[in-house]
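J.: The sequence and its predicted three-dimensional model are supplied below.
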Amino acid sequence: MMTCHDCQELLTDYQRGELTADNDAALFEHISTCPQCRAELDGQTELTATLRAAFSQELDMPASVMASVRQSVHSERRAAFGNALRSWLRPVVLAPAAAGIVLVAGVATYVHNGSTPPRVSAEYLVRQHVVHTLNSQSSDRAWNAYLLTSSTSDDANAKTK
């Protein structure tokens, strides 16, 4: 048997037809015998009908009211964009973003520079060979000595031919 407390909790679902067959039958029987629960159901039904009637009619708004609503919506959008831009330009957001950009640029530069092998010229190889073979500490001194000896031997070879 259903109590008044159980009935009060299920009245809205009863009005909408959302109860199971057993609960619907038990609630119908309780409402038939209990005048308080029947009055509560009638009150909720009347309130629902009144609200539906009040909101079913479309109300025409004056053009001035509609224009002011549209204007305020557009001004709020502009203000919202400005606030969003201002929030992105704060140091708390901008500093890490700038650091990330610098880091990405550095990595890209490193990867780009590291991807092509350094070019070694023949002059560099000869200079290093001379430095190592003459056991010279200064590459310029050894290179100059090499040039002096090689130019005289080249001149001598040219004269003998």
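T.: Thanks, I have it.

J.: What is the least confident helix or strand in this structure?
T.: Least confident element among the helices and strands of the chain, by mean pLDDT, DSSP states H and E: helix 139-160 (a mean of 57).

J.: Now for residue 6, how many residues are close by?
T.: Neighbour count for residue 6, taken as other Cβ atoms under 10 Å: 14. For the C-beta atoms, the positions are set from N, CA and C on the backbone; glycine is no exception.

J.: So it: helix, strand or coil?
T.: Classification of residue 6 using DSSP: H, G, I helix; E, B strand; the rest coil returns helix.

J.: Over to the one 5 residues further on?
T.: Counting by three-state DSSP, the backbone at residue 11 sits in helix.

J.: per-residue confidence for it?
T.: Residue 11 is assigned a pLDDT of 88 by the prediction.

J.: got the contact list for the residue nearest the centre of the chain?
T.: Central residue of the chain (Cα atoms, centre = their mean): residue 88, 12.4 Å from the mean position. Counting by Cβ atoms under 8 Å, 6 or more residues apart in numbering, residue 88 touches residue 94.

J.: now it: how far from residue 94?
T.: 7 Å (Cβ to Cβ, to the nearest Å).

J.: Kindly report the same for residue 22.
T.: Distance from residue 22 to residue 94, by Cβ to Cβ: 65 Å.

J.: Same check on residue 37?
T.: For residue 37 relative to residue 94 (Cβ to Cβ), the value is 65 Å.

J.: More neighbours: these two, which one.
T.: The residue with more neighbours, out of residue 37 and residue 94, is residue 37; 22 against 11, by other Cβ under 10 Å.

J.: Give the closest residue to that one in space, chain neighbours not counted.
T.: Leaving aside its sequence neighbours, residue 37 sits nearest to residue 7 (Cβ to Cβ, 6 or more residues apart in numbering; 4.6 Å).

J.: I'm done for today, thanks for sticking with me.
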